[in-house]
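**Student:** when you get a sec, could you give me coordinates for this:
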Amino acid sequence: MFNAIVGSVELGLLYAIMALGVYITYRILDFPDLTVDGSFVTGGAIAAVIITGGYSPWLAGFAAFGGGLAAGVCTGLLHTKGKINGLLSGILMMIALYSTNLRIMGKPNLSLRGFDVPFFDIPSDWLRIGLIAAGVILIKLMLDAFLRTDLGLALRATGDNARMIRSFGVHTDTTKIVGVSLSNGLVALSGALITQYQNFADISSGIGMIVIGLASVIIGEAVLGARTVFWATLAALVGAVVYRIVVALALRAEWFEASDLKVITAAIVILALVIPSAQRSWRQKQLAKRRTAQLAARTSQQPAGGGKHA
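**Tutor:** Numbering: from 1, shown residues only. Below is the predicted model of the structure:
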């Protein structure tokens, strides 16, 4: 059990980078980007090809990030310049990336066994997790800093009210392209790290990644809230780790099998969506009851005739 939780924390931290990318499109831009399922594999494919070619894993990570940026730019251009619906733009790019990823790898899967991936070969679990956590937190802080720049503020304003921000002379097409490309860059970087962690890249590894990212963001917000950008990005990181721990514990139950992973994921997302909504509804009903009771008490205390004396 302890080893399973340790492994879940480590894997959750790697997926947390992907959750940050999903947070940008889902929460900041309010853009339903399904490119994630393809760009995650793109990052893994690029990293696998570079590492098997004898190059540095660091180079593989930067190249994967660049590949994700390119995929995001294409999705953003389809939506802004091609005037294609955002959801459809993501679907089209996801389909195109399937063939692109096959071209990059040359075959459906690519093994990294026998190749040097020094970072994940560290024997101490706690040292490895500490280094991963430090790297993920650094990426989070860099994203926080970017979102406080003029471009970052314009990006956030575009998601809140695109018409208003256009009235101030901001090109919302540009901010959307930047946001979607940055999101997919982070997703691809996560895919590259997961590929190195698992020692293989697979063409089908990106299926359902958008759901996992959404689950991480929603769970994190349920746990920590999203009062500021700092807390919102931290919530995405925490949500990714909590999600992996919950999945690991669920899979250890006797009535679940490894093939039930997608069902477990769907159930977690449903609960994460339904429970906060039910809580808000319950609070609103309680507030309405209190206000009704206060109004009734005030009415009963008023003397007949509106309190006027003859």
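**Student:** may I ask which helix or strand of the protein has the lowest mean pLDDT?
**Tutor:** Using mean pLDDT, DSSP states H and E, the weakest-scoring helix or strand in the chain turns out to be helix 261-301, at a mean of 82.
**Student:** how distant is that one from the center of its chain?
**Tutor:** Distance of helix 261-301 from the chain centroid (C-alpha atoms, centre = their mean, to the nearest Å) equals 26 Å.
**Student:** packing partners for that helix?
**Tutor:** When contacts are defined as 3 or more C-beta pairs under 8 Å, 6 or more residues apart in numbering; DSSP states H and E, helix 261-301 sits against helix 209-224, helix 229-251. No exception for glycine: its C-beta is placed from N, CA and C like everyone else's.
**Student:** residue ranges of the helices in this structure, please?
**Tutor:** Taking DSSP state H as the criterion, the chain carries its helices at 2-23, 36-52, 57-80, 86-105, 125-147, 150-160, 162-167, 172-198, 209-224, 229-251, 261-301.
**Student:** redo the helices and strands packed on helix 261-301 as TSV? Include distance to residue 99 and mean neighbour count.
**Tutor:** Formatted as TSV, these follow (distance: least, C-beta to C-beta, whole Å; neighbours: other C-beta atoms under 10 Å):
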stretch	distance to residue 99	mean neighbour count
helix 209-224	18	23
helix 229-251	29	22
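**Student:** can you put those in CSV and add mean pLDDT and distance to residue 11?
**Tutor:** Output for those, formatted as CSV (pLDDT from 0 to 100; distance: least, C-beta to C-beta, whole Å):
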stretch, mean pLDDT, distance to residue 11
helix 209-224, 88, 11
helix 229-251, 89, 5
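**Student:** let me see the residues that make contact with stretch 234-251.
**Tutor:** 4-5, 7-9, 11-13, 15-16, 18-20, 22-23, 136-137, 140, 212, 215-226, 256-258, 260-261, 264-265, 268 (C-beta atoms under 8 Å, 6 or more residues apart in numbering).
**Student:** restrict those residues to the buried ones and give me that as a PyMOL selection.
**Tutor:** Entered in PyMOL, the line below selects the buried ones among the contacts of stretch 234-251, by 16 or more other C-beta atoms under 10 Å:
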select buried, resi 7+8+9+11+12+13+15+16+18+19+20+22+23+136+140+212+215+216+217+218+219+220+221+222+224+226+264+265+268
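**Student:** give me the number of residues near the residue nearest to residue 187 when sequence neighbours are not counted?
**Tutor:** With sequence-adjacent residues excluded and distances taken as C-beta to C-beta, 6 or more residues apart in numbering, residue 187 is closest to residue 21, at 4.2 Å. Around residue 21 there are 30 other residues, counting by other C-beta atoms under 10 Å.
**Student:** and residue 21, what does it touch?
**Tutor:** Residues near residue 21 by C-beta under 8 Å, 6+ apart: 36, 68, 182-187, 190, 213.
**Student:** try 6 Å
**Tutor:** 183, 186-187 (C-beta atoms under 6 Å, 6 or more residues apart in numbering).
**Student:** distance of it relative to residue 82?
**Tutor:** Computed as C-beta to C-beta, to the nearest Å, the residue 21 to residue 82 distance reads 22 Å.
**Student:** then residue 277?
**Tutor:** For residue 277, the distance to residue 82 - C-beta to C-beta - is 35 Å.
**Student:** the least confident helix or strand of the chain vs helix 209-224, what angle?
**Tutor:** Helix 261-301 runs at 40 degrees relative to helix 209-224, counting by axes from the mean of the first three to the mean of the last three C-alpha atoms, to 10 degrees.
**Student:** next, count neighbours for residue 129.
**Tutor:** Residue 129: 17 neighbours (other C-beta under 10 Å).
**Student:** which one is it nearest to, not counting chain neighbours?
**Tutor:** residue 10 (5.2 Å).
**Student:** and for residue 33?
**Tutor:** Residue 33's closest residue in space is residue 25 (C-beta to C-beta, 6+ apart), at 4.2 Å.
**Student:** so the one you found sits against residue 35, correct?
**Tutor:** No. Counting by C-beta atoms under 6 Å, residue 25 stays clear of residue 35, with 8.7 Å between them.
**Student:** out of the two, which sits in the more crowded spot?
**Tutor:** Taking neighbours as other C-beta under 10 Å, residue 25 and residue 35 compare with residue 35 leading, 34 against 29.
**Student:** the more buried one reaches residue 90, doesn't it?
**Tutor:** Yes. The criterion here is C-beta under 6 Å, and residue 35 meets it with residue 90 at 4.7 Å.
**Student:** gap between residue 150 and residue 296?
**Tutor:** Distance, residue 150 to residue 296, by C-beta to C-beta: 53 Å.
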